[in-house]
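> what follows is a protein structure lacking sequence information:
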């Protein structure tokens, strides 16, 4: 199909959707997690999810059967139906989504491009509700994300059960290190050299380090941090955690960085791999990463 015909086809679908919308479920007005006002249908049966953290929350709420399309990064989420259309994270195909006629698009604060352009503007103008869930800056915000998705999908009780279970498990993890007076200093790496990156305060990763009774060596820095090697060496972490999985040997790469041989974590061989998905996706499934982090930092608690 040439570009002219494709554009004409897309416009025709938009017109049909707008006409079908007349007299349909009027829904209710809500404020999404980014602060936008959205009219959400009272009955949501067809969902498009554009971020794996949202897909995990939807699935754990028992609503995976309502998914009609997901982003490509959600393809490995346990519990989703097979054969779902896979969308580009930053440039979702509007024509594909419109043909699916979803009741709602649950999007992420990461979906807008670097220019800030909203990739779902055309879909919103077609009358498809789009709600955004911004990047959670704390574990409490993850709870709020779960409650929000549960509300728009009308499964509030299930949402409350999941949140209560998470809180109980996190309290159990935290209790294991409540007696520790001298906290281990931890560096949590999310991007390998030369573009080393980590999280500081106002991040759920920083919260997770606190939960396991440790101290984030960049806990006084703002949110996303790009530390130089000298800064990491100077702060001398007792333990290094990495969730990098895009290079062959992330632990070996850290050990062999110039100057890192002077870091306690390297001297004592205290560098550990943490599950990538459960640590980078702010969802119900951060518990796995928390347990791995606790076992890595305080292995004596498991002996």
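Thanks, I have the structure now. Keep in mind that this is a model prediction, so the values were computed, not measured.
> any buried residues in stretch 270-281, and which?
Buried residues in stretch 270-281, counting neighbours by 16 or more other C-beta atoms under 10 Å, are found at 270-272, 274-275, 277-281. Every residue, glycine included, has its C-beta placed from N, CA and C.
> now do the end-to-end distance for that stretch.
End-to-end distance of stretch 270-281: 24 Å, with C-alpha to C-alpha, to the nearest Å as the criterion.
> among the buried residues of stretch 270-281, which are in helices?
277-280 (DSSP state H).
> so can I have CSV of those residues showing pLDDT and distance to residue 86?
Below are those laid out as CSV (pLDDT from 0 to 100; distance: C-beta to C-beta, whole Å):
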residue, pLDDT, distance to residue 86
277, 97, 16
278, 97, 21
279, 97, 23
280, 95, 19
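> let me see the ranges of the helices in this structure.
With DSSP H, the ranges of helices along the chain come out as 3-21, 52-60, 94-100, 121-125, 139-152, 156-176, 204-211, 229-235, 250-255, 264-267, 276-280, 286-297.
> by contact count, what packs against the last one?
Helices and strands touching helix 286-297, by 3 or more C-beta pairs under 8 Å, 6 or more residues apart in numbering; DSSP states H and E, are helix 156-176, helix 204-211, strand 239-242, helix 276-280.
> to residue 30, which of the ones you listed lies closest?
Of all those, it is helix 156-176 that lies closest to residue 30, at 13.0 Å by C-beta to C-beta.
> look up how far residue 300 lies from the nearest residue to residue 301 once chain neighbours are set aside.
With C-beta to C-beta, 6 or more residues apart in numbering as the measure, residue 176 is the residue that lies nearest to residue 301, at 5.3 Å, once sequence neighbours are left out. Going from residue 176 to residue 300 by C-beta to C-beta, to the nearest Å gives 10 Å.
> pull the residues that contact stretch 201-214.
136-139, 141-142, 170, 173-174, 176-178, 180, 183-186, 188, 190, 198-200, 215-216, 219-224, 239, 279, 282, 286, 289-290, 293-294, 297-298 (C-beta atoms under 8 Å, 6 or more residues apart in numbering).
> follow-up on the earlier one: most tightly surrounded among the helices of the chain?
Highest mean neighbour count of these: helix 52-60, a mean of 26 (counted as mean count of other C-beta atoms under 10 Å).
> so what does that one touch, helix or strand wise?
Counting contacts by 3+ C-beta pairs under 8 Å, 6+ apart, helix 52-60 packs against strand 47-49, strand 67-71, strand 104-108, helix 139-152.
> least confident of those, on average?
Mean pLDDT is lowest for strand 104-108 out of the helices and strands packed on helix 52-60, coming in at a mean of 94.
> in that one, what counts as buried?
Counting neighbours by 16+ other C-beta under 10 Å, strand 104-108 gives 104-108 as buried.
> what's the angle between that strand and helix 139-152?
Angle, strand 104-108 to helix 139-152, by axes from the mean of the first three to the mean of the last three C-alpha atoms, to 10 degrees: 170 degrees.
> what's the domain layout of the chain?
Under automatic domain parsing, the residue ranges defining each domain of the chain are 15-160, 177-302.
> need those domains in JSON lines (columns: distance to residue 166).
Below are these laid out as JSON lines (distance: least, C-beta to C-beta, whole Å):
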{"stretch": "domain 15-160", "distance to residue 166": "7"}
{"stretch": "domain 177-302", "distance to residue 166": "6"}
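> just put the helices and strands packed on helix 286-297 in a markdown table and tack on distance to residue 63.
Formatted as a markdown table, the helices and strands packed on helix 286-297 follow (distance: least, C-beta to C-beta, whole Å):
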| stretch | distance to residue 63 |
| --- | --- |
| helix 156-176 | 9 |
| helix 204-211 | 23 |
| strand 239-242 | 32 |
| helix 276-280 | 19 |
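> which of the buried residues of stretch 270-281 sits closest to residue 233?
Looking across those and measuring by C-beta to C-beta, the closest to residue 233 is residue 271, at 14.2 Å.
> partners of the closest one in the sheet?
The bridge-partner assignment for residue 271, based on DSSP bridges, gives residue 240.
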